[in-house]
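**Q** Test case, fold it:
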Amino acid sequence: MNTAPSQDPAPPAEHWRSYGPLDLHPILVQAMEAFNEQGYHGTSVRDIAGRVGVTVPALYYHYENKQALLATLLETSIKDVLDRCRAAAGEAGDDPLARFCGMVESIVLYMTHRRQLAFLDTEIRSLEPQNRARYVALRDYLEHMLLDTVEAGRAQGVFTTPIPADAVRSVLVMCQGVANWFRADGPLTAEEVAERHVLLSLGTVGHPGAVTGDLSLPLPRRASLARTSASPGSAPRTSG
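**A** Model prediction:
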């Protein structure tokens, strides 16, 4: 499997903000659901085959083993995140503020629209060394994209964090966490959650406007940021 990030020209803006039905082989869909419900080690190949309605030998015809299923799902997920993030950065151009906002928005939108895939990041511990190394390299690529943008912003006085690498890691952990609690039927839409996380992320990297409220963010919507606080009982629902 080719695990290198796509080097094609950045897709148009509508690509990274738009989500259609998840296009995965039925075996991968059932493996994803089983891993999310039971954990990787709690799921057997026979379990997955039974969900798909095929024999175990038939499943092995498509995928070598259970590890290949997990590796394929995780690499499919991180590559999609990377492509969308690159598209958002490409749309923003050279402005580090616009690039940072677009990339954070794209990551959070992915976590909301592809929750089941994104949640599998918790199973990175179950990857065998070679598969883990490939996946970590892709995830590091995403981290460096954000870090380069923050460093460019620091050079221009847009971001003031004295610890950019730590700030970027914190942003990514916060964005990844959305996959744990977001619900499509919750009080906030995916777009609203993305907007709020852009604001939180700007504070993390030390954008002055995140503190003073003097923001003009390059986002398509601003409705959720107008709400200074959620109403009683409207806190995001957790996965518990």
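
**Q** List the contacts of stretch 201-211.
**A** Contacts with stretch 201-211, where a contact means C-beta atoms under 8 Å, 6 or more residues apart in numbering, come from 97, 100-101, 104, 150, 153, 158-162, 164, 167-168, 170-171, 174-175, 199-200, 214-216. Quick note: C-beta positions are derived from backbone N, CA and C, even for glycine.

**Q** One more pass at 10 Å, please.
**A** Residues from elsewhere that reach stretch 201-211, judged by C-beta atoms under 10 Å, 6 or more residues apart in numbering: 96-97, 100-101, 103-105, 107-108, 146-147, 149-150, 153-154, 157-164, 166-172, 174-175, 197-200, 214-217.

**Q** where in this structure is pLDDT low?
**A** 1-14, 211-240 (pLDDT under 70).

**Q** All the strands of it, residue numbers only.
**A** Using DSSP state E, the chain contains no strands.

**Q** Could you pull out the helices in it for me?
**A** 13-17, 26-38, 45-52, 56-62, 66-92, 96-113, 115-119, 129-155, 164-181, 190-204, 208-212 (DSSP state H).

**Q** What is the second one packed up against?
**A** Counting contacts by 3 or more C-beta pairs under 10 Å, 6 or more residues apart in numbering; DSSP states H and E, helix 26-38 is packed against helix 45-52, helix 56-62, helix 66-92, helix 115-119.

**Q** If we ignore the residues flanking it in sequence, what's nearest V45?
**A** Closest residue to V45 in three dimensions, ignoring its sequence neighbours and counting by C-beta to C-beta, 6 or more residues apart in numbering: K66, at 5.2 Å.

**Q** what sits against that neighbour?
**A** By C-beta under 10 Å, 6+ apart, the contact set of K66 is 31, 34-35, 40-41, 43-45, 47-48, 59, 126.

**Q** count of residues packed around Y141?
**A** Counted with other C-beta atoms under 10 Å, residues neighbouring Y141 total 16.

**Q** State the distance from it to K66.
**A** Shown here: Y141 relative to K66, a distance of 26 Å by C-beta to C-beta, to the nearest Å.
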